[in-house]
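[1] Need a 3D model of the following:
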Amino acid sequence: MAASGKLASFRLPPLPTVGELIKLYKLRAEKQLSQNFLLDLRLTDKIVRKAGCLNGAHVCEVGPGPGGLTRSILNAGAADVLVVEKDSRFIPGLQLLSEAAPGRLRIVHGDILTYRMDRGFQANISKPWEEDPPNFHIIGNLPFNVSTPLIIKWLENIANRTGPFAFGRTRLTLTFQKEVAERLTASTSSKQRSRLSIMAQYLCTVHNCFTIPGRAFVPKPEVDVGVVHFTPLVQPQIQQPFQLVEKVVRNVFQFRRKHCHKGIENLFPEARRVELTQEMMQKADVDPVLRPPELTIPHIRALADAYAHLCIREPGLLSYEFREELRLKHLARKSKAPTGTVTDMPGGTLQSPLQPC
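    Residues are numbered from 1 along each chain as shown. This is a model prediction of the structure:
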């Protein structure tokens, strides 16, 4: 009976519905900000359940908007909820929620891409990395235009144990376009296997929890939405610096339909491309005719280790970028071009202004 009374104390007092708040404050989803409101509290409750037990938890919610997901987080018993909202139009509605949950909801008017989350919570919520995750969660119905750069930023934070992961193995429960959610969780050789699959899975256990149909959002997006849960691993599956792993994976997947050695070649300057690619592939003992989606994380680990070995031996390799070499060649061709002509893209030919493109 006491437990039931305690649970009841989590529930918010009667408030205007999210839909009523949207009308009250004349809120409209901004297309350029990729905003889509989720008004169905049954769905926001379902997202929160996938985060795990929030009883007494500390939570950072990303982009709360009109506060539908925020209500579900508070109703689940979170003791300390910090919301980071960039759009000032939503602040009054969030302040109303804060007044209804005294001492439990803090509001930051700012951009999650630059906000220092490690400064938003007390250090005493931390747990050693090797232990269970802290009672701290990141939850968010992310705008589509920031979801991928944000998860890449957080994956780098996980690798370096910085930002929100200075507190330990902080869990994340986030929404993405369905296609991005499928990439994050794609298995080896699947159609959706990508750079994002490798970068997420070498650092985290990643689960595609469920799909929300686009019609559940206002306005209705052109795509469905996937809810993805991340738990950082105690030990990453690749023991190399994040930037090095990202560079190897980015180049490998540059030509996803070609043999993997084609992407590996772009890690090296043209003059030594064949020699160093062959050495790296042999050292990693990876079949050069495998295609990128066929590579397992152990394959990528072997490639990253082999590349790291070459970079230690020849330090200039790590700073080499194939695209920068192309750009410099293109500029050199432009500077030599006769007056009245233009150069095509790198690797192209000179064209007369009178020739059809």
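[2] Only C-alpha atoms from now on, for both contacts and neighbour counts.
    Will do.
[3] Poorly predicted segments of the protein, please.
    1-10, 13-35, 328-330, 337-357 (pLDDT under 70).
[4] how about the strands in this protein?
    Taking DSSP state E as the criterion, the chain contains strands spanning 37-38, 58-62, 80-85, 105-109, 136-140, 171-177, 204-212, 217-218, 225-232, 342-343, 350-351.
[5] Would you map out the domains in the chain?
    By the assignment in automatic domain parsing, the chain contains the domains 2-232, 238-349.
[6] which of those is buried the deepest?
    Most buried of the domains of the chain, by mean neighbour count (mean count of other Cα atoms under 10 Å): domain 2-232, with a mean of 18.
[7] Distance from the chain centre to that one, please.
    Domain 2-232 sits 12 Å away from the centroid of its parent chain (Cα atoms, centre = their mean, to the nearest Å).
[8] Turn the strands of the chain into TSV, including distance to Glu156.
    Listed next are these as TSV, based on distance: least, Cα to Cα, whole Å:
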stretch	distance to Glu156
strand 37-38	29
strand 58-62	18
strand 80-85	20
strand 105-109	23
strand 136-140	16
strand 171-177	14
strand 204-212	12
strand 217-218	30
strand 225-232	11
strand 342-343	38
strand 350-351	42
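[9] check contacts around the nearest residue to Thr162 once chain neighbours are set aside.
    Distances taken as Cα to Cα, 6 or more residues apart in numbering place Asp118 nearest to Thr162, at 7.9 Å, with adjacent residues excluded. The neighbours of Asp118, taking Cα atoms under 8 Å, 6 or more residues apart in numbering as the test, are Thr162, Gly163, Pro164, Phe165, Ala166, Phe167.
[10] measure the first one to Ala186 for me?
    Just to be clear, that refers to Thr162. To Ala186, Thr162 is 26 Å away according to Cα to Cα, to the nearest Å.
[11] mind checking which of the strands of the chain is nearest Phe255?
    strand 171-177 (23.3 Å; Cα to Cα).
[12] packing partners for that closest one?
    In terms of contacts (3 or more Cα pairs under 8 Å, 6 or more residues apart in numbering; DSSP states H and E), strand 171-177 is packed against helix 41-51, strand 136-140, helix 144-160, strand 225-232.
[13] cutoff 7 Å now
    The contact analysis (3 or more Cα pairs under 7 Å, 6 or more residues apart in numbering; DSSP states H and E) places strand 171-177 against strand 136-140, helix 144-160, strand 225-232.
[14] Leu276 is nearest to which of these?
    Closest among the helices and strands packed on strand 171-177, using Cα to Cα: helix 144-160, at 27.4 Å.
[15] tell me which strands and helices that closest one is in contact with?
    Secondary elements touching helix 144-160 (3+ Cα pairs under 7 Å, 6+ apart): strand 171-177.
[16] which residues are in contact with the strand it packs on?
    51, 137-142, 144, 147, 223-232 (Cα atoms under 7 Å, 6 or more residues apart in numbering).
[17] try stretch 263-275
    With contacts defined as Cα under 7 Å, 6+ apart, stretch 263-275 is touched by Asn251, Val252, Phe253, Gln254, Phe255, Thr277, Leu317, Glu321, Phe322.
[18] just checking, the third one touches Pro292?
    Yes - applying Cα atoms under 7 Å, one finds Phe253 in contact with Pro292, separated by 5.8 Å.
[19] Sitting in helices, which of the contacts of stretch 263-275 do you find?
    Those of these mapping onto helices are Asn251, Val252, Thr277, Leu317, Phe322, per DSSP state H.
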